[in-house]
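K.L.:
Got a sequence here, can you build the structure:
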Amino acid sequence: MAMRHERKLILFFCAVAAVRVLIFSAAFPFFNNVDEQAHVDLVMKYARGQVPRDLGHYSSESAYYFSLYGTPEYFTATQQFNTGTFPPPNWTLPAEQRDAAVDRAAAWWENNQNHESGEPPLYYAVAGLWLNLGRALGLTGGWLLYWVRFLNVFVAALLVWLGFVAAKLVFPDEQFIRVSVPLLLAIWPQTTLYSVTSDSLSPLCFGVAFVGLLKILEARPSLLLAIWTGLALAATCLVKATNIPLLLVAGLALIFKIRNATDCRKLRCLFAPAAVLIGFAAVPIVLWFAWNLHTFGDLTATASKIDFLDWTRKPLAKWWPHPIFTLTGLQEFWPQSIASFWRGEFIWRGQRLASQLNDGFYWISSTLVIFFTAIGLIWWFGELTRFQRQSLWLALSSFIVLLLLLVVLSIAFDFGHCVYPSREHPYFTSGRLLSAAVVPFVLLCSYALKCAVSWIPGRWPRMILFAGIIVLIAVSQCMLDRPAFSSRYNFFHLNQTG
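P.N.:
Residues are numbered from 1 along each chain as shown. Below you'll find the model as predicted:
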């Protein structure tokens, strides 16, 4: 009976996540500062079966949508307009004035290249099918754009359930962790979930893979488990190229499993599932590499994007004299990366949607989670089983390998005339690139919090403390994102006409 009530509670958390993403996706207008134009263009191209073979230009269809439904509110302050307010949306203008404005802006977009064209295809193929479903239902114009965004509603709900499954696998006897993991995921304020972007699918794909790896560690793996875990790993990489380092986590899980085998018979039983997992993970990725080599000329299709952004690769010897290895540089890189992992990277009216208080809470608490979890795994073995220790190592490794990727990206390039990252600020602080590991990281957070509050007597005081943290995150982030609701360019104003 208790388990039934717990499942109902988790389903409620799934609904909370879905409603939250639905409301904020509707509140933010198109097109945000995190390359949303580029992602929408690719979704529209994939929806029509037009798979990019080079950077290519923005399509006329996409340019029309950008020009008609785009807002200046992300980058521009009201003081930059003579009237002191933002102009009305183009779709509300009289027909002649609207067409002239759209034609001017669309011509500019069509003359520019889409630098994201070489990105892995999975998200754009899925979102393209979803867009075609919207068209079949009769959706057009701005309604169709928001329909694509609303795909993230299902991602958010499934992410919460995956967190519950992972927590239940690792800590079946710890109700606090089983409840706190999905609740943290339900209010995770990462703004990629309010945007059309391939980053939104990364947490779900690796969340499935992480659960599969945990099941492989827990018991004798079946071939079916190996197949869907391998496919989930492949999907993780085919959503975002920066997720490729997460394959190292799968390797670590297999190493743990082999070390757990106590005799040759168990080792032989592991051979087939391990081979199947590796095969189902590797084949789709190798096929994607082959396609990239054939069409773009390099394995990951990033060379043309690097040229477009005016980056140049630095020789290995020039990697180390970098400010990230100084105390000042670390103080720049670490807080910004961790804070943006939690709250995202949206700018509104030229200012980051962030506060020093929130960011301080995010990066300090996350630093403590990583530090004390690592200390506990190295020295405090008593209270954890071997499976739990290995699961937490997998969770920690998932986050660390992506964090190390940000470090490598920061030091490996001269960023030329690029605005972000730049020569003046050569730090890759896009926390959304860490978001694939959100399920493992939230599991670490819940475990660390459980250890931290263990000295508090009684169950209810602990729950009240945790509830206070949840309210702090949810309310403060709602306050920060609140200005988007007043925008005349958002979903709630689409039915306005001139």
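K.L.:
can you give me phi and psi for Thr312?
P.N.:
Here is the backbone geometry of Thr312 (degrees, to the nearest 10): phi -130, psi 140.
K.L.:
Around it, how many other residues sit close by?
P.N.:
Using other C-beta atoms under 10 Å, the number of residues around Thr312 comes to 11. Backbone N, C-alpha and C define where each C-beta goes, glycine included.
K.L.:
His493 too?
P.N.:
With other C-beta under 10 Å as criterion, His493 counts 15.
K.L.:
got the residue ranges for the strands in the protein?
P.N.:
312-313, 347-348, 351-352, 413-414 (DSSP state E).
K.L.:
Columns mean pLDDT and distance to Ala250 on top of those, output as JSON lines?
P.N.:
Listed next are the strands of the chain as JSON lines, based on pLDDT from 0 to 100; distance: least, C-beta to C-beta, whole Å:
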{"stretch": "strand 312-313", "mean pLDDT": "92", "distance to Ala250": "28"}
{"stretch": "strand 347-348", "mean pLDDT": "93", "distance to Ala250": "36"}
{"stretch": "strand 351-352", "mean pLDDT": "90", "distance to Ala250": "35"}
{"stretch": "strand 413-414", "mean pLDDT": "92", "distance to Ala250": "27"}
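K.L.:
excluding its backbone neighbours, what's nearest Pro284?
P.N.:
Once flanking residues are discounted, Pro284 sits nearest to Ala234: 4.0 Å by C-beta to C-beta, 6 or more residues apart in numbering.
K.L.:
Nearest to Pro321, out of the strands of the chain?
P.N.:
With C-beta to C-beta as the measure, strand 413-414 is the member of the strands of the chain nearest Pro321 (12.2 Å).
K.L.:
Make CSV out of the strands of the chain and add distance to Ala374.
P.N.:
Shown next, in CSV, are these (distance: least, C-beta to C-beta, whole Å):
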stretch, distance to Ala374
strand 312-313, 32
strand 347-348, 34
strand 351-352, 30
strand 413-414, 29
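K.L.:
Figure out which of those strands is closest to Trp334.
P.N.:
Closest among these, using C-beta to C-beta: strand 351-352, at 16.8 Å.
K.L.:
Now tell me what touches that closest one from outside.
P.N.:
345-346 (C-beta atoms under 8 Å, 6 or more residues apart in numbering).
K.L.:
Gly56 and Glu116 touch, don't they?
P.N.:
No: counting by C-beta atoms under 8 Å, Gly56 sits too far from Glu116 to count as a contact (10.4 Å).
K.L.:
so Ser446 touches Gln175, yeah?
P.N.:
No: using C-beta under 8 Å as the test, Ser446 is too far from Gln175 to be in contact (11.1 Å).
K.L.:
The two - which one has more neighbours?
P.N.:
Ser446 (26 against 15).
K.L.:
ok, so what distance separates that one from Tyr194?
P.N.:
Distance, Ser446 to Tyr194, by C-beta to C-beta, to the nearest Å: 24 Å.
K.L.:
what's the answer for Val211, then?
P.N.:
Taking C-beta to C-beta, one finds Val211 at 25 Å from Tyr194.
K.L.:
more crowded one of those two?
P.N.:
More crowded of Val211 and Tyr194, by other C-beta under 10 Å: Tyr194, with 28 against 20.
K.L.:
Relative to Met479, how far out is that one?
P.N.:
Distance from Tyr194 to Met479, by C-beta to C-beta: 16 Å.
K.L.:
quick one: low-confidence ranges for this protein?
P.N.:
Where the chain drops to pLDDT under 70, the residues are 1-2, 84, 262-266, 380-382, 458-460, 496-498.
K.L.:
in the lengthiest helix in it, what counts as buried?
P.N.:
Longest helix in the chain, counting residues (DSSP state H): helix 264-295. Along helix 264-295, these residues count as buried under the neighbour rule (16 or more other C-beta atoms under 10 Å): 270, 273-274, 276-278, 280-282, 284-285, 288-289, 292.
K.L.:
again, but for stretch 466-485
P.N.:
Within stretch 466-485, the residues scored as buried using 16+ other C-beta under 10 Å are 466, 469, 473-474, 476-477, 480-481, 484.
K.L.:
So which of these is the closest to Thr85?
P.N.:
Distances from Thr85 to the buried residues of stretch 466-485, taken by C-beta to C-beta, are shortest for Ala484, at 16.1 Å.
K.L.:
how about that closest one, what does it touch?
P.N.:
24, 27-29, 348, 490.
K.L.:
Tell me the one of these nearest Leu357?
P.N.:
So of the contacts of Ala484, ranked by how close each gets to Leu357 (C-beta to C-beta), first place is Trp348, at 17.6 Å.
K.L.:
what residues are up against that closest one?
P.N.:
73-74, 483-484 are the contacts of Trp348 under C-beta under 8 Å, 6+ apart.
K.L.:
For those, name the two members farthest from one another.
P.N.:
Tyr74 and Pro483 (11.3 Å).
K.L.:
Identify the contacts common to those two.
P.N.:
Common neighbours of Tyr74 and Pro483 (C-beta under 8 Å, 6+ apart) are 348-349.
K.L.:
The residue nearest to Pro284 contacts Ile278, doesn't it?
P.N.:
No: between Ala234 and Ile278 there is no contact under C-beta under 8 Å: 10.6 Å.
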